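Dropping the sequence and predicted coords here.
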Amino acid sequence: MKIDKSTNVLIFGCGGMLGDSVYRLFSENATVLATDLTPNEEWLSFADVRDYDSVKKVALDFKPDLIINLAALTDLEYCEKNPENTWLTNALGPENTALIADYLDIPLVYISTAGIVDGLQDVYNDFDKPNPLSLYAKAKYHGELFTTSFLKKHFVFRAGWMMGGGPQKDKKFINKLFKQLNSGAKELFVVDDKLGTPTYTKSFAKGILNVVESGLYGVYNQVCEGECSRYDVAKEFVKLLDLDNTVKITKVDSDYFKSDYFATRPASEKLVNLKLGARGLNVMPHWKDALEAYSTEFIKELKK
């Protein structure tokens with residue numbers, strides 16, 4: 001489908017780090033209604049994907065040509081402690097949006113995660129069978145399965161270690177590092193036994209637009225090129241901030257943080273964009289190039 005200003009795009013769960021990038025790109029190219037459970041921007045309105053009747057009314061009023069569902073609980077420990085809300089948000093929410101897309105006979109974009117793999121193999125392509133370990137991953141995988149089995153017109157994107165949103169919206173690894181650095185930390189303790197593929201939100205949003213316009217429905221791994229450990233990412237980030245001569249990065253294993261991060265995580269979440277590459281649709285940069293671009297937002301913050 002061609003995306004232009006005559007295209008109505010309805011986005012659910014648009015208040016987070018990925019939503020920021022998706023909204024900014026799609027609002028430049030389409031007519032967007034961006035919603036979230038907790039609106040935190042003037043361009044956001046309220047919608048709760050757990051409530052079928054209310055989100056259906058939002059959709060019927062707006063008459064979208066495309067629905068993008070970004071709504072998800074992504075804190076793994078919160079999910080373990082709050083199973084009911086996790087299933088309602090990460091599993092029932094995708095069911096609700098898929099039902100509405102089917103009713104309107106329009107395509108749906110669903111965001112899945114590299115976390116649905118079990119880590120027993122080194123790298124996973126789009127066709128490798130998932131085996132989710134955590135409650136977060138199990139609920140997200142249910143959303144993926146329902147979307148793909150129920151809807152013909154679906155685009156499912158599996159993301160890796162997300163980075164984006166800057167100091168204000170990034171709730172993940174990069175901003176956790178930055179908060180320590182910005183508070184004067186001279187030593188970071190970082191695990192080196194978890195492997196994965198970072199995913200830059202701005203590139204990810206471009207990839208969504210690119211694939212949607214291709215009309216090639218299906219499930220896609222969409223991560224940055226290259227692979228790394230958490231330690232590798234931390235080392236590169238500190239270097240980009242020009243702090244590598246003053247900050248020590250100490251390798252630890254996952255047991256070091258087991259009291260804080262108790263949810264089960266795969267040893268390897270490394271994905272490869274096999275289908276995107278084969279179809280000439282891969283727009284994802286190498287993770288080091290993406291991190292270099294992203295780090296400029298934190299360099300500005302350091303200089304304030």
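Yep, that arrived.

What are the buried residues along the helix or strand of the chain with the lowest mean pLDDT?
Lowest mean confidence among the helices and strands of the chain (mean pLDDT, DSSP states H and E): helix 166-169, at a mean of 90. Residues 166-167, 169 are the ones in helix 166-169 that count as buried (16 or more other C-beta atoms under 10 Å). All C-beta spots, glycine's among them, are computed from the backbone N, C-alpha and C.

and stretch 250-263, how far apart are its ends?
22 Å (C-alpha to C-alpha, to the nearest Å).

Number of residues surrounding the nearest residue to D75 once chain neighbours are set aside?
Among residues not flanking D75 along the chain, K171 sits closest, at 7.4 Å (C-beta to C-beta, 6 or more residues apart in numbering). Here the number of neighbours of K171 (other C-beta atoms under 10 Å) works out to 13.

Please apply the same query to K153.
K153 has 16 nearby residues by other C-beta under 10 Å.

closest to S149 among the buried residues of helix 166-169?
K169 (32.5 Å; C-beta to C-beta).

What about the closest residue to the closest one other than its chain neighbours, how many residues nearby?
Distance criterion C-beta to C-beta, 6+ apart; nearest residue to K169, sequence neighbours excluded, is M17 at 4.6 Å. By other C-beta under 10 Å, the residues close to M17 number 21.

before we move on, what about T264?
The burial count for T264: 16, using other C-beta under 10 Å.

Would you mind giving the secondary structure of it?
Secondary structure state of T264, per DSSP: H, G, I helix; E, B strand; the rest coil, is coil.

show me the contacts for it.
By C-beta atoms under 8 Å, 6 or more residues apart in numbering, the residues touching T264 are 133-134.

do V32 as well
V32 touches 8-11, 23, 26, counting by C-beta under 8 Å, 6+ apart.

Give me the below-cutoff pLDDT ranges for the stretch 201-304 of the chain.
Applying pLDDT under 70 to the stretch 201-304 of the chain flags the ranges 304.

What ranges does this protein have for its helices?
17-29, 52-62, 76-81, 83-87, 93-104, 135-150, 166-169, 173-182, 201-214, 230-240, 274-278, 287-302 (DSSP state H).

could I get the ones you listed as JSON lines with distance to N125?
Formatted as JSON lines, the helices of the chain follow (distance: least, C-beta to C-beta, whole Å):
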{"stretch": "helix 17-29", "distance to N125": "22"}
{"stretch": "helix 52-62", "distance to N125": "33"}
{"stretch": "helix 76-81", "distance to N125": "24"}
{"stretch": "helix 83-87", "distance to N125": "27"}
{"stretch": "helix 93-104", "distance to N125": "23"}
{"stretch": "helix 135-150", "distance to N125": "15"}
{"stretch": "helix 166-169", "distance to N125": "30"}
{"stretch": "helix 173-182", "distance to N125": "24"}
{"stretch": "helix 201-214", "distance to N125": "16"}
{"stretch": "helix 230-240", "distance to N125": "22"}
{"stretch": "helix 274-278", "distance to N125": "4"}
{"stretch": "helix 287-302", "distance to N125": "18"}
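
closest one to E41 among the ones you listed?
That would be, of the helices of the chain and by C-beta to C-beta, helix 17-29, which comes in at 8.2 Å.

And the closest one, what's buried?
So, applying 16+ other C-beta under 10 Å, buried residues of helix 17-29: 17-23, 25-27.

Return that helix as PDB; C-alpha atoms alone will do.
The C-alpha trace of helix 17-29 is given here as PDB (Å, rounded to 0.1, in the frame of the first residue of the first chain):
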ATOM      1  CA  MET A  17      10.600   5.100  23.000                       C
ATOM      2  CA  LEU A  18       9.500   3.300  19.800                       C
ATOM      3  CA  GLY A  19       6.300   5.200  19.600                       C
ATOM      4  CA  ASP A  20       8.200   8.500  19.500                       C
ATOM      5  CA  SER A  21      10.100   7.400  16.300                       C
ATOM      6  CA  VAL A  22       7.100   5.800  14.600                       C
ATOM      7  CA  TYR A  23       4.900   8.800  15.200                       C
ATOM      8  CA  ARG A  24       7.500  11.300  13.900                       C
ATOM      9  CA  LEU A  25       8.100   9.300  10.700                       C
ATOM     10  CA  PHE A  26       4.500   8.400   9.900                       C
ATOM     11  CA  SER A  27       3.100  11.800  10.800                       C
ATOM     12  CA  GLU A  28       5.400  13.200   8.100                       C
ATOM     13  CA  ASN A  29       4.000  10.800   5.500                       C
END
